[in-house]
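Chemist: Everything below, folded, please.
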Amino acid sequence: MRALPILLIALAAGSVEPAFARDTTLNLPLADVIAMGEETGKLDGTVKFYLSGQATPSILKKLGSGVSNKKTNGFNKGDEEGCRWAALSALITFQGSAKRQGANAVTNITSYYKRNEAHNSQTYECHAGTFVVGVALKGDYANVKR
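Modeler: Numbers count the residues shown, from 1 in each chain. Presented below is the predicted three-dimensional model:
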């Protein structure tokens, strides 16, 4: 008698197809995120952000490096909108860390998704799933000539 329910469960489990999570990669302009942050007052302009390969003012002093890995709820948001909010959260974290270290810039910013660096002088990499959108950035804190 017990064998029948176990057999039915095994048959049902075997007929279920695995679910594949969505992971859409987007490469979007960081300049748009910086502008949005400054317009909303979330970035105060005291810390400047420079992507790897982007023209940077003379670096006067290097003050270490950091990583910011931010996620946002992707529910009821478009992928690009979610990416902008996640990237802005990463920049806000960098801004706070830079200020604590006495830096006025974060330079050499690279995408750092799953610890894989992706260098681009204009865009950052974002990963959008069904419910979560994430951005991971790595950068160097520095004092640059203004």
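Chemist: Distance check, His119 against Glu125.
Modeler: 10 Å (C-beta to C-beta, to the nearest Å). The C-beta positions use only the backbone N, C-alpha and C, and glycine is treated the same way.
Chemist: Of the two, give the one with the bigger neighbour count.
Modeler: Ranked by neighbour count (other C-beta atoms under 10 Å), His119 and Glu125 place Glu125 first, with 22 against 11.
Chemist: wouldn't that one be in contact with Ala118 here?
Modeler: Yes: the pair Glu125 and Ala118 qualifies as a contact (C-beta atoms under 8 Å) at a distance of 5.1 Å.
Chemist: Can you check which helix is longest in this protein?
Modeler: Using DSSP state H to assign secondary structure, the helix with the most residues in the chain is helix 79-101.
Chemist: what helices or strands is it leaning on?
Modeler: With contacts defined as 3 or more C-beta pairs under 8 Å, 6 or more residues apart in numbering; DSSP states H and E, the secondary structure elements packing on helix 79-101 are strand 24-29, helix 30-40, strand 59-73, strand 105-111, strand 123-128, strand 132-144.
Chemist: Tell me how far it lies from the chain's centre.
Modeler: With C-alpha atoms, centre = their mean, to the nearest Å as the basis, the distance from the averaged C-alpha position of helix 79-101 to the chain average is 8 Å.
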